[in-house]
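A.B. asks: Mind folding the following:
(one chain, ligands or ions: 2)
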Amino acid sequence: MKSQITLTVNGERHTLEIDSRRTLLDLLRNDLEFAGTHRGCDSGECGACTVHMNGIPVPSCMLLAADCDNTEILTVEGLQPEGDLHPVQRELIEKGGIQCGFCTPGVVMSAVALLDENPNPSEAEVREALAGNLCRCTGYAKIIEAVMSAVEDSG
Ligand code: FES
Ligand code: FES
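C.D. replies: Numbers count the residues shown, from 1 in each chain. Ligands and ions are numbered 1, 2, ... in the order given. Model prediction:
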């Protein structure tokens, strides 16, 4: 079955006819070519596919695109004007919070959602916000350090 949806992705409005079983992740990566949103587990476990829907971080692999009609989606590509880095991205690079980078877009989107809601979180709040983002490389300490530095940068 097909559905027609209209949604805004990174500030641009799209009207698309989609298979009703298609996920938001498929739509973003395959139809709209926002490949910065990564497919890890495809089952809601790893956080690699995290995007913002109406300002809330969500796992895009777990959402049907048909249920995203009239929503505002933000992916990592839409965070900053092209060529600029968000303070969280800058600190992840500086503090060594990126190794293979596979988890990074999801980590960034979860961290930015937290900072948008709470610009001065405690380390415990950062850890809680990132609890759904799995990283196989860094051991998390450098990721947490980077987000705390981004908090200090903006303070
Ligand atoms: S790919 Fe969506 S949570 Fe892992
Ligand atoms: S940097 Fe490799 S999974 Fe996180």
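
A.B. asks: Can you get me a residue count around the closest residue to L64 other than its chain neighbours?
C.D. replies: Taking C-beta to C-beta, 6 or more residues apart in numbering, and ignoring the residues beside it in sequence, L64 has T23 as its nearest neighbour in space, at 6.2 Å. To be clear about C-beta, it is placed using only N, CA and C from the backbone, and glycine gets the same treatment. T23 has 23 neighbours, counted by other C-beta atoms under 10 Å.

A.B. asks: my guess is T23 meets S60, correct?
C.D. replies: Yes: in this structure, T23 is within contact of S60 by C-beta atoms under 8 Å, at 6.7 Å.

A.B. asks: which residue ranges form the helices in the chain?
C.D. replies: Here the chain has its helices, by DSSP state H, at 24-26, 87-94, 104-117, 123-129, 141-154.

A.B. asks: among those helices, which is nearest ligand 2?
C.D. replies: Taking C-beta to the nearest ligand atom as the criterion, ligand 2 comes closest to helix 104-117 out of those, the separation being 6.1 Å.

A.B. asks: residues touching the closest residue to P105 other than its chain neighbours, list them.
C.D. replies: In space, P105 comes closest to V76 once its chain neighbours are excluded; the distance is 4.1 Å by C-beta to C-beta, 6+ apart. For V76, the contacting residues are G36, T37, V51, P105, V108, M109, by C-beta atoms under 8 Å, 6 or more residues apart in numbering.
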